[in-house]
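[1] Pasted the sequence and its predicted model underneath.
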Protein chains: 2
Amino acid sequence: MLKGPVVVNMRIDNLQYANWSEKIFRQMQEGGVSAVHVTIAYHENFRETVLNIEQWNRWFEQFPDLIFAGRWASDVDKAIESKRTAVFFGFQNPSPIEDDIGLVEIVHTLGARFMQLTYNNQSLLATGCYESEDTGLTRMGKQVVKEMNRVGLVVDMSHSADRSTIEAAEFSERPIAITHANPFDWEPARRNKKHAVIEAVTGHGGMLGFSLYPHHLQGKGDCTLESFCTMVARAAERYGTEHLGLGSDLCQDQPDSVVEWMRVGRWSREIDYGEGSASNAGFPEMPAWFRDNRDFGSIERGLADVGMDTQEVAGIMGGNWYRFYEQSFKPLK
Amino acid sequence: MLKGPVVVNMRIDNLQYANWSEKIFRQMQEGGVSAVHVTIAYHENFRETVLNIEQWNRWFEQFPDLIFAGRWASDVDKAIESKRTAVFFGFQNPSPIEDDIGLVEIVHTLGARFMQLTYNNQSLLATGCYESEDTGLTRMGKQVVKEMNRVGLVVDMSHSADRSTIEAAEFSERPIAITHANPFDWEPARRNKKHAVIEAVTGHGGMLGFSLYPHHLQGKGDCTLESFCTMVARAAERYGTEHLGLGSDLCQDQPDSVVEWMRVGRWSREIDYGEGSASNAGFPEMPAWFRDNRDFGSIERGLADVGMDTQEVAGIMGGNWYRFYEQSFKPLK
């Protein structure tokens, strides 16, 4: 007997920043990853972001049997039909729009679908999670959120401070996202999100993508699959399964110089270790059960093992992001 | 009795650079202009060109009942159905792609559909019509033409020198265009095109758009409608009607400072008068029978009066550009 709508086998990872290569694109295909949201800017300005898009255009040209530029939810269907991965662009910082609100529509036209309002620090738009004072959305922040709503660029608050995130969730006319973080109640990392924050985001129709980045896991790289999946199941009870998905934050094959770029960019002459430390400055070791894109099956089974039903698991693995893509990427009329 | 395919009443002007305003957008609607190719860059670099696109995005938002962003030939049909004008972007110079071939695909994604390889002067790609030596396509020029072919950005040689134009016509795998110029045989202006040049372009499937800019007309602003239309009819006999259309070069409501920008940009400290002169430096007076977008009907009647049949006239007024759009704007597979 069927229970609810037909379950489509769809895997969407809503945050990766790998050192991209044919090997990884093939692993996505093997792992059945139909769509991936990739970070294409941390601190890049507009012109540098365009250079990164140019690099992706070359990869799309070189590997047409593996990947293509994702624009709309329907591209996920296209990816499933052709056994490829639709690649959606996102920024972890608003640096690509500089101080120019007109660039919001331009970057959307160029394929951007997610933009964080802040990356750890205060930005022109809001406050990051490492600042000591959180003043919420700025004047420009409110204007930019409205414009993002209009064109179909999703507000992402993964690296933002609590008040800024709650204000964004309430101010935005369209649901927002925390693409990659876990509940603070489970693992009290600075980047994980407190109950009130997750509640504000999901309560306004938004999404939380669970992170597999060791600094966000209970026990870091030693976190067990069961602990992770139990956390997901508890969050589903608390916030509603339909608001949950994955945002692995997989940084596969990146050299440690890249995590320094992510943390320091060009904003400081001193090293900032972010979630790491002087003695542990590089990329942390991933958990044994999630090494690369071929390991999504483990999570799928892990979620079933902690008692989630087939439909809930399918939602977490991709269906919920798919529905969110459908609602979020088209311009408002 | 029907002769050939059904004639669709379609008007396409394949080159304008007006001082855009609601007034002009309304005049396009009144004049039944279904599509217009507008210049959005003369000497602008990439970032400045993006600012110009941002300005167009605002106009599209402000005047949705009059204009919208044109991307494909099918947008001309959409314009006809909704009695609006589809606006296609073009550059008179390759300055928007700077020295970066990856920007060819980026500007196409942002809506650019025509790009001149040169504007009067030598560029990184080819030689302009005011240089004393014409060395043809450069090394980068050949690479860029290939890339333009691949993505669907039309090579426009309106302001290029003869050899460069002929080489581009022969080298390009897809038909190219001279969007706005007239036969040199009719009016020996520096910007008008010699027989061998037009033959190379049309002989390879390309298009010539007839200019209404007074410096390109026999007798300048005093040119008669009959003289203009007779010239068109002779060109039709010589090159085939299907390769001909309009590219009025209408610069309506522009102040004279703009023609100086067009000619001098930032490349010279001395004034260059281009087709003008010290005593006649500003925009020339338009012919009385073509003042603005409401005057296309005069040309349509004028063409019929010199003996062109209904289908030929419909082709010149828009049908030929429509077919060219269909063949030219999509990426090669």
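    Perfect, I can see it now. Numbering: from 1, shown residues only, chains lettered A, B, ... in the order given.

[2] just checking, what packs against the lengthiest strand in chain A?
    When chain A is parsed with DSSP state E, its longest strand is strand A:33-41. When contacts are defined as 3 or more Cβ pairs under 8 Å, 6 or more residues apart in numbering or on different chains; DSSP states H and E, strand A:33-41 sits against strand A:11-16, helix A:46-62, helix A:74-82, strand A:85-91, strand A:112-116, helix A:320-328. Any C-beta I mention is one placed from the backbone N, CA and C, and that applies to glycine too.

[3] Format the CA atom coordinates belonging to it as CSV.
    Extracted C-alpha coordinates of strand A:33-41, given in CSV (Å, rounded to 0.1, in the frame of the first residue of the first chain):
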residue,chain,number,x,y,z
VAL,A,33,24.4,12.8,-6.8
SER,A,34,21.8,14.4,-9.0
ALA,A,35,22.5,17.9,-7.9
VAL,A,36,25.2,19.7,-6.0
HIS,A,37,25.4,23.3,-4.7
VAL,A,38,29.0,24.3,-5.1
THR,A,39,30.7,27.3,-3.5
ILE,A,40,32.3,29.4,-6.2
ALA,A,41,33.3,32.4,-4.0
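
[4] Now do it against strand A:85-91, angle only.
    Interaxial angle of strand A:33-41 relative to strand A:85-91 (axes from the mean of the first three to the mean of the last three Cα atoms, to 10 degrees): 30 degrees.

[5] how about the residues of chain A near chain B?
    Counting by Cβ under 8 Å from any Cβ of the partner chain, chain A comes close to chain B at A:46-47, A:50-51, A:53-55, A:57-58, A:100, A:102-103, A:105-106, A:109-111.

[6] do you know how far whichever residue of the stretch 201-333 of chain A sits closest to chain B is from B:Ser268?
    Nearest residue of the stretch 201-333 of chain A to chain B: A:Lys333, at 9.5 Å (Cβ to the nearest Cβ). With the distance defined as Cβ to Cβ, to the nearest Å, A:Lys333 ends up 47 Å from B:Ser268.

[7] With neighbour numbers in mind, choose between the two.
    Neighbour comparison, A:Lys333 and B:Ser268: the larger count goes to B:Ser268, with 10 against 5 (by other Cβ atoms under 10 Å in any protein chain shown).

[8] May I have the residues that are in contact with that one?
    Neighbour list for B:Ser268: empty [criterion: Cβ atoms under 8 Å, 6 or more residues apart in numbering or on different chains].

[9] where does it land in three-state SS?
    Under DSSP: H, G, I helix; E, B strand; the rest coil, B:Ser268 falls in the coil class.

[10] doesn't A:Gly240 make contact with A:Asn320?
    No. Counting by Cβ atoms under 8 Å, A:Asn320 stays clear of A:Gly240, with 9.7 Å between them.

[11] Just want to know which of the two has more residues nearby.
    Shown here are A:Asn320 and A:Gly240; by other Cβ under 10 Å, A:Asn320 has more neighbours (25 against 13).

[12] For the residue nearest to the more buried one when sequence neighbours are not counted, what are phi and psi?
    With Cβ to Cβ, 6 or more residues apart in numbering or on different chains as the criterion, A:Asn320 has its nearest non-adjacent residue at 4.7 Å, and that residue is A:Gly245. Main-chain dihedrals, A:Gly245, degrees, to the nearest 10: phi -160, psi -160.

[13] Nearest residue to A:Gly219 in space, please, no chain neighbours.
    A:Ser227 (7.0 Å).

[14] buried ones in the longest strand of chain A?
    A:Val33, A:Ser34, A:Ala35, A:Val36, A:His37, A:Val38, A:Thr39, A:Ile40, A:Ala41 (16 or more other Cβ atoms under 10 Å in any protein chain shown).

[15] contacting residues around the residue nearest to A:Asp134 when sequence neighbours are not counted?
    With sequence-adjacent residues excluded and distances taken as Cβ to Cβ, 6+ apart, A:Asp134 is closest to A:Ala161, at 3.8 Å. Going by Cβ under 8 Å, 6+ apart, A:Ala161 touches A:Thr118, A:Ala126, A:Thr127, A:Gly128, A:Cys129, A:Glu131, A:Asp134.

[16] wait, isn't the fifth one in contact with A:Asn120?
    Yes. Under the criterion of Cβ under 8 Å, A:Cys129 makes contact with A:Asn120 at 6.1 Å.

[17] so what sits against both of the two?
    A:His159.

[18] Most proximal residue of the stretch 101-250 of chain A with respect to chain B?
    A:Gly102 (3.2 Å).

[19] residues in contact with that residue?
    Applying Cβ under 8 Å, 6+ apart to A:Gly102 gives the contacts B:Leu51, B:Glu54, B:Gln55, B:Asn57, B:Arg58.

[20] so which of those comes closest to chain A?
    B:Glu54 (3.2 Å).

[21] next structured bit after the helix or strand bottoming out on mean pLDDT in chain A?
    Ranked by mean pLDDT, DSSP states H and E, the weakest helix or strand in chain A is helix A:256-264, scoring a mean of 91. As assigned by DSSP states H and E, the chain's next helix or strand after helix A:256-264 is helix A:296-305.

[22] and that next one with strand A:11-16, angle?
    Angle of helix A:296-305 versus strand A:11-16, following the same axes, to 10 degrees, is 110 degrees.

[23] Run through who's touching stretch A:181-188.
    A:158, A:189, A:191-195, A:198, A:208-211, A:216-218, A:231, A:234-235, A:247.

[24] what about that stretch, how long is it end to end?
    Criterion Cα to Cα, to the nearest Å; first-to-last residue distance in stretch A:181-188 is 11 Å.

[25] Quick one: low-confidence residue ranges for the stretch 1-150 of chain A.
    A:1-8 (pLDDT under 70).

[26] if we go to 90?
    A:1-9 (pLDDT under 90).

[27] hmm, back to that, please pick the buried ones from the contacts of A:Gly102.
    B:Glu54, B:Asn57.

[28] Export the helices and strands packed on strand A:33-41 as TSV, with columns for distance to B:Glu173.
    As requested, the helices and strands packed on strand A:33-41 are exported to TSV (distance: least, Cβ to Cβ, whole Å):
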stretch	distance to B:Glu173
strand A:11-16	37
helix A:46-62	16
helix A:74-82	27
strand A:85-91	28
strand A:112-116	32
helix A:320-328	36
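
[29] Can you tell me the closest non-neighbouring residue to A:Glu326?
    For A:Glu326, the closest residue by Cβ to Cβ, 6+ apart turns out to be A:Ala73, at 4.1 Å.
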